[in-house]
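Participant: Build me a model:
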Amino acid sequence: MMTRPLALLLNVAHALDHLFLLIFATAVAAIAADFGFARWEDLMPFGAGAFLLFGLGSLPSGRLGDLWGRRRMMLVFFFGIGAASILVALTQNAWQMAAALTLLGAFASIYHPVGIPMLVRHAKNPGATIGVNGLAGNLGIAAAALVTGFLVEAFGWRSAFVVPGLVCIACGQVFLRVAPEETEPPAARPKKPGTELPASLLARVFFVMTAAAASGGLLFNLTTNGNGRLLAERMRGVVDDPSTLGMLLAGVYALGSLAQLVVGRLIDRYPLKQLYLGIVLAQIPLLAAAASASGWWLYVALVGTMVLIFGAIPFTEAMIVRFVDDRMRSRVAGMRLTVSIGLSSLAVWALGPVVKAGGFGSLLAAMAAVALLTSLIVAWLPGDRAVQAARAGASA
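Facilitator: Numbers count the residues shown, from 1 in each chain. Predicted coordinates for the structure are as follows:
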């Protein structure tokens, strides 16, 4: 059974996972100045390795989670990512930082295919559980904007990596005490009846969840890595103080995080496909509006956009819970994340050069086109009735 302290730690781990991945993007201007770069855009591509390994590492992480044990892998996560973050703080040039961030990304890849299946295994309302977990992850994003900004301004950019690293290692010590030993790895557990899908339908579901997560992840990475600079540019003359901008950005992420709580509860009550499609379609006009907006109108459009982008996140995990047996959820999640995050990590590499060449207006217009593509992919997801009929046929 999942105890409250263990569930809390797994949710805190999600927050830390996303926080670590965004420290660099939040502090990139200060790091660029320290390393002798004239523009932050020129340093930004050096962070792409973290997101690439965040995706590619999910495949072995998920496999080890099912075959070796999820508790053991979460211990590797806590201690590994904490140590890697401290290592980033010790770097002296861009290439050293790129290597250390890539190592951090490898440890960050553990959480999603391992921690979330561990959390939802005994959940009575998996949608609500995923929603709370998503809220925790996005509060980590908000904390990256707020805490990193404060630490950089007060103590320098290196402290923004050291302090969370020490916190994560401390959480690992607590996890070691409260997480019970697994009697067997998930792959060795007996199969539950009525959970199998025909191979053709499972392949279709896997394609939809992977492709939609890749295009949705592209939007997620472009926004969460670029919003800080977007606000600084489009709010110039209205709000110029870096700390105030950090608080405004944290507010965007906090409101977006609340959307996951609502969406998680809706997933438990209503057809998944229709909910998912509606949220993705609503992203298109808001991204188009943000492309030409500035000042407080830009801020309003950004809040709406992030509410919808964050609101779409629980659907991928909900699909895994709904369509995949627990014995292989970490492996399926790992395969999905390897493809989707591996592709969406290109956003981090491309963000600086694209903004430098065409500005944020062109970037946001392209993102509206990506949202349209995502809606076409989600439209191919099988409905609940088709899935129930397929399972009944497979069990007969």
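Participant: helices and strands of the protein: which one has the lowest mean pLDDT?
Facilitator: For the chain, scoring each helix and strand by mean pLDDT, DSSP states H and E identifies helix 384-395 as the least confident one, at a mean of 65.
Participant: Next, the contact list for the closest residue to A38 other than its chain neighbours, please.
Facilitator: Once its chain neighbours are removed from consideration, A38 has its nearest residue in A32; the separation is 8.0 Å (CB to CB, 6 or more residues apart in numbering). Just so you know, the C-beta spots here come from the backbone N, C-alpha and C atoms, and that holds for glycine as well. When contacts are counted by CB atoms under 8 Å, 6 or more residues apart in numbering, A32 is found next to 38-40, 42-43.
Participant: Could you tell me which of these are located in helices?
Facilitator: In this view, the contacts of A32 that belong to helices under DSSP state H are 40, 42-43.
Participant: Which one (most neighbours) among these?
Facilitator: If you count neighbours using other CB atoms under 10 Å, the busiest of the ones in helices among the contacts of A32 is L43, which has 23 neighbours.
Participant: Wait, that one touches A27, no?
Facilitator: No. With contacts defined as CB atoms under 8 Å, L43 does not count as touching A27, sitting 10.3 Å away.
Participant: circling back: can you tell me which of the contacts of A32 is closest to A154?
Facilitator: Using CB to CB, W40 is the member of the contacts of A32 that sits closest to A154, with 20.1 Å.
Participant: Quick one: neighbours of V239, just the number.
Facilitator: In terms of burial, V239 registers 16 neighbours under the definition other CB under 10 Å.
Participant: which residue packs closest to it, ignoring adjacent ones?
Facilitator: Distance criterion CB to CB, 6+ apart; nearest residue to V239, sequence neighbours excluded, is L245 at 5.9 Å.
Participant: now do M97
Facilitator: Closest residue to M97 apart from its sequence neighbours, by CB to CB, 6+ apart: T91 at 4.3 Å.
Participant: Could you check how far the closest residue to N93 other than its chain neighbours is from I86?
Facilitator: Closest residue to N93 apart from its sequence neighbours, by CB to CB, 6+ apart: F35 at 6.1 Å. For F35, the distance to I86 equals 18 Å [CB to CB, to the nearest Å].
Participant: Comparing those two, which residue is more hemmed in?
Facilitator: Under the neighbour definition other CB under 10 Å, F35 and I86 were set side by side, and I86 has more, 20 against 16.
Participant: any low-confidence regions in this protein?
Facilitator: 1, 191-196, 342, 345, 348, 384, 386-396 (pLDDT under 70).
Participant: helices and strands around the helix or strand containing G352, which ones?
Facilitator: G352 belongs to helix 346-378 when elements are defined using DSSP states H and E. When contacts are defined as 3 or more CB pairs under 8 Å, 6 or more residues apart in numbering; DSSP states H and E, helix 346-378 packs onto helix 40-43, helix 48-56, helix 199-234, helix 272-292.
Participant: Buried deepest among those, which one?
Facilitator: Relative to the other members of these, helix 48-56 carries the highest mean neighbour count by mean count of other CB atoms under 10 Å, namely a mean of 25.
Participant: after that helix, next one along is what?
Facilitator: helix 58-67.
Participant: just to revisit the earlier point, and the helix holding G352 with helix 48-56, angle?
Facilitator: What separates the directions of helix 346-378 and helix 48-56 is an angle of 40 degrees, with axes from the mean of the first three to the mean of the last three CA atoms, to 10 degrees.
Participant: now helix 346-378 and helix 199-234, what's the angle there?
Facilitator: Angular relation of helix 346-378 and helix 199-234 on a 0 to 180 degree scale: 130 degrees, by the same axes, to 10 degrees.
Participant: Run the angle between helix 346-378 and helix 272-292 for me.
Facilitator: Going by the same axes, to 10 degrees, helix 346-378 makes 130 degrees with helix 272-292.
Participant: so how far is helix 346-378 from its chain's centroid?
Facilitator: Taking the mean of its C-alpha atoms, helix 346-378 sits 17 Å from the chain's own mean (CA atoms, centre = their mean, to the nearest Å).
Participant: in it, what counts as buried?
Facilitator: Along helix 346-378, the positions that meet the burial threshold by neighbour count (16 or more other CB atoms under 10 Å) are 346-352, 354-355, 360, 363-364, 367-368, 370-371, 373-375, 377-378.
Participant: if I look at G131, how far off is H18?
Facilitator: G131 sits 15 Å away from H18, going by CB to CB.
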